[in-house]
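Undergrad: Curious how this folds, go ahead:
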Amino acid sequence: MKRMLFAVLLLAVVSARAEGFRFALMSDLHVTADSLAANDLRHAVDQINATPGLSFVIVSGDFTDYGDDASLRKAKAILDGLKLKYYVTSGNHETKWSESGATAFGRIFGSDRFRFEYGNYLFLGFNTGPVIRMAEGHVAPQDVSWLEKELADYGTERPVFLVTHYPMMKGDVDNWYTVTDAVRKYDIRAFIGGHYHTNRLADYDGIPAFICRSTLRGGEPFGGYSEFEVTADSVIVYERKIGAGPQRWGAYSLKDTYFTVDTAGYVRPDFSINARYGRVKETWMTPIGNAIYSSPVLCDGRVYVGDDLGLLNCLDAADGRLLWRFAAKNRIIGTPAAADGTVVFGSADGNIYGIDAKKGKLRWKVETSEAVLGAVTIDGGVAYIGCSDRTFRAIDVRTGREVWTFTGTNGYVETRPLVYDGKVIFGAWDDRLYALDRSDGRLLWSWSDGRRGMHYSPAAVWPVATAGRIFIAAPDRVLSAIDASTGRTLWRTAESTVRETVGLSEDSSKVYSKTMRDSVVCFSTRGDRPEKRWASYVGFGYEIAPSMPQEKDGVVFGSTMNGEVYALDASDGSVLWRHKVDNSLISTVVPLDRNRCLFTSSAGIVGLLEAR
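TA: Residues are numbered from 1 along each chain as shown. Model prediction:
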């Protein structure tokens, strides 16, 4: 009798779960070390705890404003006050601005992916990037593979909810179509997420989507969150302001079919520019299989590339064949450098590595206390690299011995240092540009544009210098010339809306920068005030990626966040050619001569382009 009663009760519970349940969704928390955002989150947690009938909670990204470890831990401490189980995935503020190289989120919360089943439904959440580089969101190849496997294992007959931070749309995620194409043969009931800090119904290539509000109060007295109700025939979303009852604002039927497997009629990237410049050929293209956020390095006929899973890949420069791989324990963000038979790179695993350039074997390793995201510069047998442990290091390339260290930064380093006029010059995510004595690491000066806030730091640009002047472009959209001896500002111009890109001409008479809309500009490196030499309309659209213009043999090579590489005549900026590789971030390219350049893509591709 007891066994029968238990079976009846179990059947009732399963039936109830199958027919209807409710859950809460929080997004865009933006917690900092000391902020109103933390109080808004606490109020949301308290109200969720006081609300009967909820089954679980989902948090869909932007837990913090600065992506720092302290804020992540603070957000988790508040979320741990939930009485319900909660599931999380990260947002762009945890991946773009992150002293850990976007690894602390997984370490603190367990993972930036989740999978669970409730009732008859599968819930999958995954990261939508971008990682460290300013660009549109991006779903990494390894995350797409995970998503495809989870859905294949679950089958096509049972319903699924997908949770992302970014909307899976053109202009938000560069490879949105890769995701929507991968999932549309399954029974996807809706995407759920945030990012816009507002309530909006949308569709991602026909697939229903809920874009939900932030927990932040904004201009109101209190913040809020979202509450979902899944019934036998509908999924309904309500806004829950703190202290108020649920206000329904959207719903989708669970009985209707909103999309088909057919993708006809949906917007896809336009590759027609390749036909227009048909003389540009992809000499070789090697898929690495993991996202790539660093630039290629060429040395002695070999190409070295670090990837998002921590692999240093060595390829033959002639045909792109993979020759060997060395595995670090976490992602490689900063561009390596190679000299004296050694490849030097840093990893988010907290180590700086020296690898035998021919054999791929470890020669030496320098341990740090935090992630190493900085690019490497080798000069005179010494490797210079900044780390997230607030330390900048000079390391003997042959032995791995630390020549000197500088511990005066207040932010992490991702840029490639400039060695110039007896100085090592680099920016950090603490608003400042630093100049150190090359011989002993002493601070000679530091520079700031006067605007407070780490988001305006000259930290992603690779500085260039000539004639006693340093040139940078920071997120403030200003090109700056700085006295190399004193750190004094010589001139600044916001005329062209440049951002985080700068390159020096081969004769050092000009400096190039990419604007945020369609153009590349050229200024003189001489004179007491900014003098524009030319401005070239290239036509690449809205652009925010920190990829540096590079001149070779009178040609300026550049790249974009949407997969394009272009070449301009250095004398007047006229467009020589354009080529679209894919629709994802192309990091700073490496020209071989006036007709050829190496490139890497966040889609996981290394390649060689040639204008024949």
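Undergrad: now this structure, which segments are flagged as low pLDDT?
TA: Applying pLDDT under 70 to the chain flags residues 1-19.
Undergrad: which stretches of it form helices?
TA: 2-19, 36-49, 69-79, 92-95, 104-109, 141-154, 176-183, 273-276 (DSSP state H).
Undergrad: Deepest in the core, which of those helices is it.
TA: Highest mean neighbour count of the helices of the chain: helix 92-95, a mean of 27 (counted as mean count of other CB atoms under 10 Å). Glycine gets a C-beta too; all of them are placed from N, C-alpha and C.
Undergrad: Look up how far residue 375 lies from the closest residue to residue 369 other than its chain neighbours.
TA: Nearest residue to residue 369, sequence neighbours excluded (CB to CB, 6 or more residues apart in numbering): residue 389, at 4.4 Å. Residue 389 sits 17 Å away from residue 375, taking CB to CB, to the nearest Å as the criterion.
Undergrad: Which one's more surrounded, those two?
TA: More neighbours surround residue 375 than the other of residue 389 and residue 375, with 26 against 19 (other CB atoms under 10 Å).
Undergrad: Would you mind confirming that the more buried one makes contact with residue 462?
TA: Yes. Residue 375 is within contact range of residue 462, at 7.4 Å (criterion: CB atoms under 8 Å).
Undergrad: what sits in contact with each of the two?
TA: 415-416 (CB atoms under 8 Å, 6 or more residues apart in numbering).
Undergrad: Around residue 323, count how many other residues there are.
TA: For residue 323, using other CB under 10 Å, the count is 14.
Undergrad: what's the closest non-adjacent residue to it?
TA: residue 314 (4.6 Å).
Undergrad: and the one you found, what does it touch?
TA: 302-304, 322-326, 343, 357, 360.
Undergrad: rerun that using 6 Å as the cut-off
TA: By CB atoms under 6 Å, 6 or more residues apart in numbering, the contact set of residue 314 is 302, 304, 323-324, 360.
Undergrad: What about the residues you listed, which are in strands?
TA: 302, 304, 323-324 (DSSP state E).
Undergrad: Residue 488: how many residues sit nearby?
TA: Residue 488: 10 neighbours (other CB under 10 Å).
Undergrad: same check, this time on residue 612
TA: Residue 612: 9 neighbours (other CB under 10 Å).
Undergrad: Kindly report the same for residue 61.
TA: 28.
Undergrad: Could you report the distance from it to residue 87?
TA: Taken as CB to CB, the span from residue 61 to residue 87 is 12 Å.
Undergrad: What of residue 51?
TA: 17 Å.
Undergrad: Those two: which is more packed in?
TA: A count of neighbours by other CB under 10 Å puts residue 87 above the other of residue 51 and residue 87, at 21 against 14.
Undergrad: So which of the contacts of residue 314 wins on neighbours?
TA: Most surrounded of the contacts of residue 314: other CB under 10 Å gives residue 304, at 26 neighbours.
Undergrad: if we can go back for a sec, could you give the bridge partners of the residue nearest to residue 323?
TA: Residue 314 has the following beta-bridge partners by DSSP bridges: residue 304, residue 324.
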